[in-house]
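Colleague: turn this into a structure:
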Amino acid sequence: QVQLVESGGGSVQAGGSLRLSCAASGYTNSSYCMGWFRQAPGKEREGVAVIDSEGNTGYADSVKGRFTFSKDHAKNTLYLQMNSLKPEDTAMYYCAAHPDCDLLDDFGYWGQGTQVTVSS
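Modeller: Okay, here's the model as predicted:
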């Protein structure tokens, strides 16, 4: 059974950095499409970053140049390095996994989320 556990969230001031982690088990993450999503109160969930089984990454325009998605295959762990954080980055962040990137949002396995709060 696929399990995802996020960690690393917290409260920072604008301009600060955080690194989120997502520990995966129950599958080999190299064969899965992986993604980070976020949801702020009163807003719809949005995709932040995605990495496919070939290592190709994609980012939402709002985080390009500030966030970096990486995978450590040996530890079966994903990371989201977030720099130059802005108050609008405040949200619950989730990682997700699915063999097919096209099905990631609707049918992926999800973690419980980790809260990121950025103050101005």
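Colleague: quick one, what contacts Gln13?
Modeller: Residues near Gln13 by C-beta atoms under 8 Å, 6 or more residues apart in numbering: 118-120. The way it works is simple: take the backbone N, C-alpha and C, and place the C-beta from them, glycine included.
Colleague: what's the pLDDT at it?
Modeller: Looking at Gln13, its pLDDT is 98.
Colleague: rewinding a little: export the contacts of Gln13 as JSON lines, with columns for secondary structure, distance to Ser31 and neighbour count.
Modeller: Formatted as JSON lines, the contacts of Gln13 follow (DSSP: H, G, I helix; E, B strand; the rest coil; distance: C-beta to C-beta, whole Å; neighbours: other C-beta atoms under 10 Å):
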{"residue": "Val118", "secondary structure": "strand", "distance to Ser31": "34", "neighbour count": "20"}
{"residue": "Ser119", "secondary structure": "strand", "distance to Ser31": "39", "neighbour count": "11"}
{"residue": "Ser120", "secondary structure": "coil", "distance to Ser31": "41", "neighbour count": "9"}
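Colleague: which SSE is Ala97 in?
Modeller: Assigned by DSSP states H and E, Ala97 belongs to strand 91-98.
Colleague: contacts for that strand, please.
Modeller: If you take C-beta under 8 Å, 6+ apart as the criterion, strand 91-98 is touched by 2, 4, 6, 9, 20, 22, 24, 27, 29, 32-40, 43, 45, 48, 78, 80, 104-105, 107-116.
Colleague: 6 Å - rerun?
Modeller: 4, 6, 20, 22, 32-40, 78, 104, 107-111, 113-116 (C-beta atoms under 6 Å, 6 or more residues apart in numbering).
Colleague: which SSE is immediately downstream of that strand?
Modeller: Criterion used, DSSP H and E; the element after strand 91-98 is helix 104-107.
Colleague: quick one: buried ones out of the contacts of strand 91-98?
Modeller: Buried subset of those (neighbour count, 16 or more other C-beta atoms under 10 Å): 4, 6, 20, 22, 32-38, 78, 104, 108-111, 113-114, 116.
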